[in-house]
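K.L.:
3D, please:
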Amino acid sequence: MMRPGPRNLITDVAGLRVGNAQDDGIKTGCTVLVADAPFTAAVHVMGGAPGTRETDLLAPDKTVQQADALVLSGGSAFGLDAASGVADALRAQGRGFRVGDQTVPIVPAAILFDLINGGDKNWATNPYKTLGATALANASETFALGSRGAGTGALIADLKGGLGSASVTVGPYSVGALVAVNALGRVTMGDTACFWAAPFEMGAEFGGHGAARTFDPSAPIPVKGGHQATTIAIVATNATLTQAQATRMATAAHDGMARAIYPSHTPMDGDIVFAAATGTVPADNAALLMLGNAAALCLARAIARGVYNATPAPGDPHPTWSTRFGPSFSAS
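P.N.:
Got it, this is the predicted structure:
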């Protein structure tokens, strides 16, 4: 039986920590996942407009099989510099891939587009390297959701997006998801407060409002401006996985994105899922099937939680979920 972990966060996978940093004036930020030791990492891209760093080396045939941290950031291409701040800080700690007498931290990253969200983007110096280092320094087993970290300036078609996370435990395995929701489409059903992810909700983690009773699939699909999107995510487990197996888990997790966002994986979204495996519990083929399903379940729930927990700020172009649907639906 699957049930949420004690925190209902990706950090229910033992050894993982998450840190957020943001600039509310710019309306942007970044989120870093780091572990006590290097972890097996993989990636799968389904969107048509991704922005990434060091993802090629996560292919199963490449020399490096593990990463030291993963970064999700706002800022479009500027945000890729957040990984440089993380890499510098990890190198100072002596962490990274050893090459002779040098240490090179492996820090893959993905970015979302939040450059048109009401924030002041007239910076003189790219702020993301500092934000990355700050997020790493803030890494903890507990962290805030909603308008935090990489979700600070995120938007979806009709609401503010946000940073979400969720977890499950099943047998000896822990699985979790972390996501910055900045989708082209919607996460709620039509004009209702009900989330597409409602069938997968555990408890009342995003309000407990259930699914809408009716939905017209022939109705026009409201989306935000083209090339202003991307949902970026990480799924993680304590299972021992090869890089090929972790890639399969990341691929399966995209099903959760499709369940929670309508439409998803569009030509204008850069939808991407990283996978992280800490390798403390052996996994057989039966476990691999279960882990992929659990990752998709967690990601769908995390997407809804990110939007549900968003908070308003001056100059927002879209309302939050709680603002739009009234005090009776307010996120706590």
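K.L.:
run through the strands of the stretch 101-250 of the chain in chain order.
P.N.:
Remark: strands assigned in the stretch 101-250 of the chain by DSSP state E, counting those that start in this stretch are 102-104, 109-111, 162-170, 173-181, 232-239.
K.L.:
out of the ones you listed, which is closest to W321?
P.N.:
Among these, the nearest to W321 by C-beta to C-beta is strand 162-170 (8.7 Å). For the C-beta atoms, the positions are set from N, CA and C on the backbone; glycine is no exception.
K.L.:
angle of that closest one against strand 232-239?
P.N.:
20 degrees (axes from the mean of the first three to the mean of the last three C-alpha atoms, to 10 degrees).
K.L.:
mind checking how far strand 162-170 is from the chain centre?
P.N.:
10 Å (C-alpha atoms, centre = their mean, to the nearest Å).
K.L.:
can you name the residues that contact the closest residue to L57 other than its chain neighbours?
P.N.:
Among residues not flanking L57 along the chain, V64 sits closest, at 5.0 Å (C-beta to C-beta, 6 or more residues apart in numbering). Counting by C-beta atoms under 8 Å, 6 or more residues apart in numbering, V64 touches 57, 97, 106.
K.L.:
re the thing from before, let's have the strands of the stretch 101-250 of the chain in TSV, adding mean neighbour count.
P.N.:
Shown next, in TSV, are the strands of the stretch 101-250 of the chain (neighbours: other C-beta atoms under 10 Å):
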stretch	mean neighbour count
strand 102-104	13
strand 109-111	30
strand 162-170	28
strand 173-181	30
strand 232-239	30
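K.L.:
how about JSON lines for the ones you listed, with distance to T320 and mean pLDDT added?
P.N.:
Formatted as JSON lines, those follow (distance: least, C-beta to C-beta, whole Å; pLDDT from 0 to 100):
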{"stretch": "strand 102-104", "distance to T320": "41", "mean pLDDT": "93"}
{"stretch": "strand 109-111", "distance to T320": "23", "mean pLDDT": "98"}
{"stretch": "strand 162-170", "distance to T320": "8", "mean pLDDT": "97"}
{"stretch": "strand 173-181", "distance to T320": "12", "mean pLDDT": "98"}
{"stretch": "strand 232-239", "distance to T320": "20", "mean pLDDT": "98"}
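K.L.:
which strand or helix spans the residue nearest to L57?
P.N.:
Under the criterion of DSSP states H and E, V64 resides outside all helices and strands.
K.L.:
gap between it and L291?
P.N.:
22 Å (C-beta to C-beta, to the nearest Å).
K.L.:
and S84, by the same measure?
P.N.:
32 Å.
K.L.:
quick one: which of the two has more around it?
P.N.:
Each of S84 and L291 has its neighbours counted (other C-beta atoms under 10 Å); L291 has more, 27 against 18.
K.L.:
how is the more buried one assigned, secondary-structure-wise?
P.N.:
helix (DSSP: H, G, I helix; E, B strand; the rest coil).
K.L.:
repeat that for R324.
P.N.:
Strictly by three-state DSSP, R324 counts as helix.
K.L.:
so what's it up against?
P.N.:
When contacts are counted by C-beta under 8 Å, 6+ apart, R324 touches 158-159, 193.
K.L.:
of those, closest to G132?
P.N.:
When the contacts of R324 are compared against G132 (criterion: C-beta to C-beta), the nearest one is L159, at 26.9 Å.
K.L.:
residues near that closest one, how many?
P.N.:
24.
K.L.:
with P199 instead?
P.N.:
The burial count for P199: 10, using other C-beta under 10 Å.
K.L.:
wait, it sits on A211?
P.N.:
Yes. Between P199 and A211 there is a contact under C-beta atoms under 8 Å: 6.2 Å.
K.L.:
overlap of the contact sets of the two?
P.N.:
By C-beta under 8 Å, 6+ apart, no residue touches both P199 and A211.
K.L.:
mind listing what the residue positioned nearest the centre of the chain touches?
P.N.:
Taking C-alpha atoms, centre = their mean, the centroid of the chain lies closest to V179, which sits 1.7 Å from it. Taking C-beta under 8 Å, 6+ apart, we find V179 in contact with 72, 163-165, 231-234, 299, 302-303, 306.
K.L.:
and which of the residues you listed is nearest D255?
P.N.:
Of these, the one sitting nearest to D255 (C-beta to C-beta) turns out to be L299, at 8.1 Å.
K.L.:
what about that closest one, neighbour count?
P.N.:
34.
K.L.:
also A275?
P.N.:
Neighbour tally, A275, other C-beta under 10 Å: 31.
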